[in-house]
Every structure is written in C-alpha cells, then in structure tokens.
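*Asks:* Kindly return the folded structure for what I paste below:
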Amino acid sequence: MKTALTSAVLVAAMLAGTGAARAQTYVTPATTASIGETTPFAGGYGAFGYGSHASTYEEGVLAGWGTLARSVGEANYFHSLASINYQEAYARFLQNRQHATETYFRMQQINRAARDAQRSPRFSYEQYVALAKKYAPDGLDEQQYDRTLGRLSWPAALTTDDFAAEREALDRAFLVRTPADAGTASAFYSNVWRLAAMMEMKLQSKIEQMNPAEYLAAKKFLTSLAYESQQPLVLRAVAAR
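*Replies:* Numbers count the residues shown, from 1 in each chain. Predicted structure coming up:
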C-alpha cells in the first residue's frame, strides 16, 4: 500500500514538473523591444541562433548524451582517417626508399660496367712474366763483368777517388762470390744493392760536372750491377776458377 502510494506521488511530481516546464515562457526579441531594451543580446537565445531548445529536462539530458555520443563517434572516425593517411604515407615512404636504393645500386652497376669496358684486359701469369723479362734491366755483359775471374770493369765516371770505398767493397764481394750468393734473400744481394745505391747518390750530386753520356753510362752500369746480384752464378765460371 505504501509502495503504491509512493509511486503515485512520484508520478504526480513528475507530471507537475513537466507541466511547469511546459508553462515556462521565453523572452522573445519582440517582447524585449517592447520593454525598450536595445542590447544586441536581447531575445535570449534567439540572437545566437539557438532557436530550438528542450521542452523538458529529460529531453535536454538525452539530447546532451546524444550529442556527446555523436562527438565521440566523429572523433573515432577522424582518428581512423588519420591512421589510414599515416599508413598510406608510410607505405609511400618505404616505396620511395626502395626505389632510391635500387637506383643507387643500378647506377653503381652501370658505372662498374663502364669502367670495366674502358679498362685494359687483365694479363695472365705467363703474360706478366713475359713483360717482366722484357722490361727487366740488362745484366752486366762480358766486358763489364768477367764471370770466370769475378772481376768488374768500371766505367770511367766511377773510377775516381770519390767512389773508391764503394768500388773496392763491390770488387771484393764479386771476387769471393759463391753459387749461393744470388737472389733477393741473400746477404750478397743486400750488400750489392746498398753499395750501388750509395754510389748512385754520389753520382747524382756530380751530375753538373759530367756530360750526359758519361752520367747515363755510369747510372746504367750501377743498375745492371744491382740486377746482376739477383742472377745465379754460372757454374762453369766457378769450375774455371
């Protein structure tokens, strides 16, 4: 009984509130003008374009919740569009990176092919050996180096006292040379190259005092002397000693 009475009271209260809300009057621009107000805000919400309003409190609450739900939905929609745009932009970025990388390596390949086309063909081992023999300096001839007696015949430009120490050391080295004294790993080779280099430095310091023919003959002799130290000693020359 009490429950039914309470429900009836609540329903009556809600109906009374609804009636009061419907009985509310809103000031219109015309009413305000009749009073004599000239403010631009006269007319309540009409000046701002809010021509519609909730007729009840419940309707206003529901309309507010609907607007909020619509705003959330629109925000989610625009966020999804932004995500799609980002993914598309990133995909294009990756495509551009891939295209740039492929272009770079393609250009490298083209440049390498062009250089290979202009480069001279590589020689084989046999061809390198033949070239080395062709452009190798000549050894001492029979008149410059008596292999039977182990004696050297020096050009006139190298017989002066300025070259005496190195010349005597080389004469002695070639005189006592053995078959093992040959090749770049031997002490004989190192000694001959060192002494020949010292004589060549002295020769260069005297280039102004010599005619070109004498200078070239002396320089060629020293080059041939150093090259001779690499060559094996002829065995028949050792037997003849």
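
*Asks:* quick one, domains of the protein?
*Replies:* Residue ranges for the structural domains of the chain, counted by automatic domain parsing, are given in the record as 1-53, 55-119, 138-240.

*Asks:* Reformat those as CSV; add distance to residue 126, mean pLDDT and mean neighbour count.
*Replies:* Where you see a C-beta, it was placed from the backbone N, CA and C, and this is true even at glycine. Conversion of the domains of the chain to CSV gives the following (distance: least, C-beta to C-beta, whole Å; pLDDT from 0 to 100; neighbours: other C-beta atoms under 10 Å):
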stretch, distance to residue 126, mean pLDDT, mean neighbour count
domain 1-53, 100, 42, 10
domain 55-119, 20, 85, 10
domain 138-240, 21, 86, 15
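
*Asks:* for residue 102, helix, strand, or coil?
*Replies:* Under the three-state scheme (DSSP: H, G, I helix; E, B strand; the rest coil), the conformation of residue 102 reads as helix.

*Asks:* measure it to residue 96 for me?
*Replies:* The gap separating residue 102 from residue 96 is 11 Å, by C-beta to C-beta, to the nearest Å.

*Asks:* in the protein, which spans are strands?
*Replies:* In the chain, strands defined by DSSP state E lie at 145-146, 151-152, listed in chain order.

*Asks:* For the ones you listed, give me JSON lines that also has distance to residue 115.
*Replies:* Below are those laid out as JSON lines (distance: least, C-beta to C-beta, whole Å):
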{"stretch": "strand 145-146", "distance to residue 115": "46"}
{"stretch": "strand 151-152", "distance to residue 115": "49"}
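
*Asks:* so which of the ones you listed gets nearest residue 184?
*Replies:* Each of those has some distance to residue 184 by C-beta to C-beta; the shortest is strand 145-146, at 19.1 Å.

*Asks:* Show me what the closest one packs onto, helices and strands only.
*Replies:* With contacts defined as 3 or more C-beta pairs under 8 Å, 6 or more residues apart in numbering; DSSP states H and E, the packing partners of strand 145-146 are strand 151-152.

*Asks:* Counting by contacts, list what the strand it packs on packs against.
*Replies:* The criterion is 3+ C-beta pairs under 8 Å, 6+ apart, and the helices and strands that strand 151-152 contacts are strand 145-146, helix 164-175.

*Asks:* and it, which strands flank it?
*Replies:* Strand pairing for strand 151-152, determined by DSSP bridges: strand 145-146 (antiparallel).

*Asks:* residues making contact with the partner strand?
*Replies:* Among residues not part of strand 145-146, those counted as contacts by C-beta atoms under 8 Å, 6 or more residues apart in numbering are 139, 151, 152, 153, 174, 228.

*Asks:* Return the residues in contact with the nearest residue to residue 163 once chain neighbours are set aside.
*Replies:* Excluding the flanking residues, the one nearest residue 163 by C-beta to C-beta, 6 or more residues apart in numbering is residue 199, at 5.5 Å. Residue 199 sits next to 158, 163, 166, 167, 222 when contact means C-beta under 8 Å, 6+ apart.

*Asks:* if we go to 7 Å?
*Replies:* 158, 163, 166, 222 (C-beta atoms under 7 Å, 6 or more residues apart in numbering).

*Asks:* Equivalent analysis for residue 140, please.
*Replies:* Under the criterion of C-beta under 7 Å, 6+ apart, the contact partners of residue 140 comprise 224, 225, 228.
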